[in-house]
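Participant: sequence and predicted structure below; questions after.
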Amino acid sequence: MMAMKCTWPPDADEKNEKLKALIRSKFVEYLDRAEKLKEHLAKVQNEAVQNKGASGSTTKSADEGEESVDAETKKLRSGLSSVILSERPNVSWDDVAGLSTAKDALKEAVILPIKFPQLFTGKRKPWSGILLYGPPGTGKSYLAKAIATQSNSTFFSVSSSDLVSKWMGESERLVKQLFAMAREARPSIIFIDEVDSLCGTRSEGESEASRRIKTEFLVQMNGVGNDDQSDVLVLGATNIPWALDVAIKRRFEKRVYIPLPDLDARRRMFELNIGSTPCTLTAKDYRNLAEQTEGYSGSDIAVLVREALMQPVRRVMNATHFKKILGEGDKVYYTPCSPGDPAAIEMSWADVASDELIEPQLVLNDFLKAIHAVRPSVTQSDIAKHIAFTQESGVE
């Protein structure tokens, strides 16, 4: 009020007693409202502190958790809900050819602690961070699917696109919420494919946003493995482990090399990829194919088999002659044959009814053609880099 008197310009209106009374009443009204607002805010803050103290435990029921998170957190969690595998991929250990070292490491870190928790007490603790590295196409992501199938854990499968946001500060909040959700749903596994795209080596030219994401990952991974997070495993996969930030690499306590498949693994891969397709290959043929595909990755062999599987289709398309084959109930079927076959009939695939064609069987020559068409995708220089990294920082 004194300030009002000092600053109010001395003009003719000041002499008007009615105007002066009106001004005084307005000031009193405004001051009274300000005091009431101050008391209300203090009361709200006090209630919030009391509610926070009463909540106690960090583990809450789903309903309580929903009420406690704010709108921003709900939005972030909603965006991350797609990374939780709701259905198991149905991949068994036997579906993964070879890779016994990696399988043992994952069983040691995930399966055994759940089945025999009494083994992991005191100083003996399961691994909290495992890095799978190796050339592309060797089965790192497939191993992750196997562990998602075999474990009774909540499985989070994330990539850089799930965690990188265009909005300032949102990426690190997404990382924080990912780990918070994993702790709430434990036992849980966070699988980060191509982890190098998120946690690459720090450099002077990198953006501030990238630096903050790495810092948040370091903070969160540093907590994994403690008593309140002992049931959370971070599983990373990368094709270029030497590009990982040194501090992030240290958080992955167990680093497992996933090499190119050996002879027995390649033979098994041919069997798995052919499956129940009609085929004349013998055990000797499978071994022959495995010997001729040294240097091929699991992905290369899958592509090679797909190429071979198309050969019978091409034989049908290119055939100029078909022969009759009697089926059940004397039903007549047709299959491609050479023009010199005694039973050959000159016709094309267009002349055969859709339910009268018998699929030609796969033969060894189909695979030999495919080997010439599909070459290995991994170079010797790539393999040399991985071997050097393994000798320095990894586990064979």
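Facilitator: Noted; the coordinates are in hand.

Participant: where do the strands sit along the protein?
Facilitator: For the chain, the strands defined by DSSP state E cover 129-133, 154-158, 188-193, 232-238, 254-257, 321-326, 332-336, 345-346.

Participant: CA atoms only: put the fifth one into PDB for me.
Facilitator: The C-alpha trace of strand 254-257 is given here as PDB (Å, rounded to 0.1, in the frame of the first residue of the first chain):
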ATOM      1  CA  LYS A 254      30.700 -61.600 -20.000                       C
ATOM      2  CA  ARG A 255      31.700 -61.100 -23.600                       C
ATOM      3  CA  VAL A 256      31.100 -64.100 -25.800                       C
ATOM      4  CA  TYR A 257      32.400 -64.500 -29.400                       C
END
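
Participant: so for this structure, the centremost residue is which one?
Facilitator: Ser157 (3.0 Å; CA atoms, centre = their mean).

Participant: reformat the strands of the chain as TSV; add mean pLDDT and distance to Lys36.
Facilitator: Every residue, glycine included, has its C-beta placed from N, CA and C. Output for those, formatted as TSV (pLDDT from 0 to 100; distance: least, CB to CB, whole Å):
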stretch	mean pLDDT	distance to Lys36
strand 129-133	89	54
strand 154-158	83	48
strand 188-193	86	48
strand 232-238	88	48
strand 254-257	88	61
strand 321-326	90	95
strand 332-336	90	92
strand 345-346	90	100
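
Participant: got those strands as JSON lines, with distance to Asn90 columns?
Facilitator: Shown next, in JSON lines, are those (distance: least, CB to CB, whole Å):
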{"stretch": "strand 129-133", "distance to Asn90": "20"}
{"stretch": "strand 154-158", "distance to Asn90": "13"}
{"stretch": "strand 188-193", "distance to Asn90": "16"}
{"stretch": "strand 232-238", "distance to Asn90": "19"}
{"stretch": "strand 254-257", "distance to Asn90": "23"}
{"stretch": "strand 321-326", "distance to Asn90": "36"}
{"stretch": "strand 332-336", "distance to Asn90": "34"}
{"stretch": "strand 345-346", "distance to Asn90": "44"}
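
Participant: out of those, the one nearest Ile387 is which?
Facilitator: Evaluated over these, closeness to Ile387 peaks at strand 254-257, with 8.2 Å, by CB to CB.

Participant: packing partners for the closest one?
Facilitator: Strand 254-257 sits against helix 100-106, strand 129-133, helix 380-393, with contacts defined as 3 or more CB pairs under 8 Å, 6 or more residues apart in numbering; DSSP states H and E.

Participant: picking up where we left off before, tell me which of the strands of the chain lies nearest to Lys103.
Facilitator: Nearest to Lys103, of all these, is strand 254-257, at 9.7 Å by CB to CB.

Participant: got the contact list for that closest one?
Facilitator: Contacts to strand 254-257, defined as CB atoms under 8 Å, 6 or more residues apart in numbering, come from residues 101-102, 105, 109, 127, 129-134, 241, 249, 386, 390, 393-396.

Participant: report the buried members of the residues you listed.
Facilitator: The neighbour-count test (16 or more other CB atoms under 10 Å) marks 102, 105, 109, 127, 129-134, 241, 249, 386, 390, 393-394 as buried among the contacts of strand 254-257.

Participant: pick out whichever of those residues sits closest to Pro339.
Facilitator: Nearest member of the buried ones among the contacts of strand 254-257 to Pro339, counting by CB to CB, is Gly134, at 49.2 Å.

Participant: so what does that closest one have for phi and psi?
Facilitator: Phi and psi for Gly134, reported as degrees, to the nearest 10, are phi 160, psi 180.

Participant: how near is the spatially closest residue to it that is not a sequence neighbour to Ile130?
Facilitator: Closest residue in space to Gly134, ignoring its immediate chain neighbours: Ile258 at 3.4 Å, by CB to CB, 6 or more residues apart in numbering. Distance of Ile258 to Ile130, given as CB to CB, to the nearest Å: 11 Å.

Participant: could you do Lys103 as well?
Facilitator: Counting by CB to CB, the gap from Lys103 to Ile130 is 12 Å.

Participant: still on that earlier bit, looking at the buried ones among the contacts of strand 254-257, which two lie furthest apart in space?
Facilitator: The span of these, defined through CB to CB, is set by Ala109 and His386 at 21.6 Å.

Participant: burial measure for the residue nearest to Gly134, as a count.
Facilitator: 24 (other CB atoms under 10 Å).

Participant: isn't it right next to Ala144, touching?
Facilitator: No. Contact criterion CB atoms under 8 Å: Ile258 and Ala144 do not qualify, at 11.1 Å.

Participant: give me the low-pLDDT residue ranges for the stretch 201-350 of the chain?
Facilitator: 202-208, 223-230 (pLDDT under 70).

Participant: next, count neighbours for Val28.
Facilitator: If you count neighbours by other CB under 10 Å, Val28 ends up with 11.

Participant: ok, it to Glu39 distance?
Facilitator: Applying CB to CB to Val28 and Glu39 gives a distance of 17 Å.

Participant: correct me, but Ile213 touches Lys176?
Facilitator: No. Counting by CB under 8 Å, Lys176 is not a contact partner of Ile213; they are 10.6 Å apart.

Participant: re the thing from before, beta partners of the nearest residue to the residue nearest to the centre of the chain once chain neighbours are set aside?
Facilitator: Using CB to CB, 6+ apart and skipping residues adjacent in sequence, the residue nearest Ser157 is Phe191, 4.9 Å away. In this entry, Phe191 is beta-bridged to Ser157, Leu235, by DSSP bridges.

Participant: and which of the buried ones among the contacts of strand 254-257 is nearest Arg314?
Facilitator: Closest approach to Arg314 among the buried ones among the contacts of strand 254-257 (CB to CB): Gly134, at 34.1 Å.

Participant: for Phe156, give its distance to Lys145.
Facilitator: Counting by CB to CB, the gap from Phe156 to Lys145 is 13 Å.
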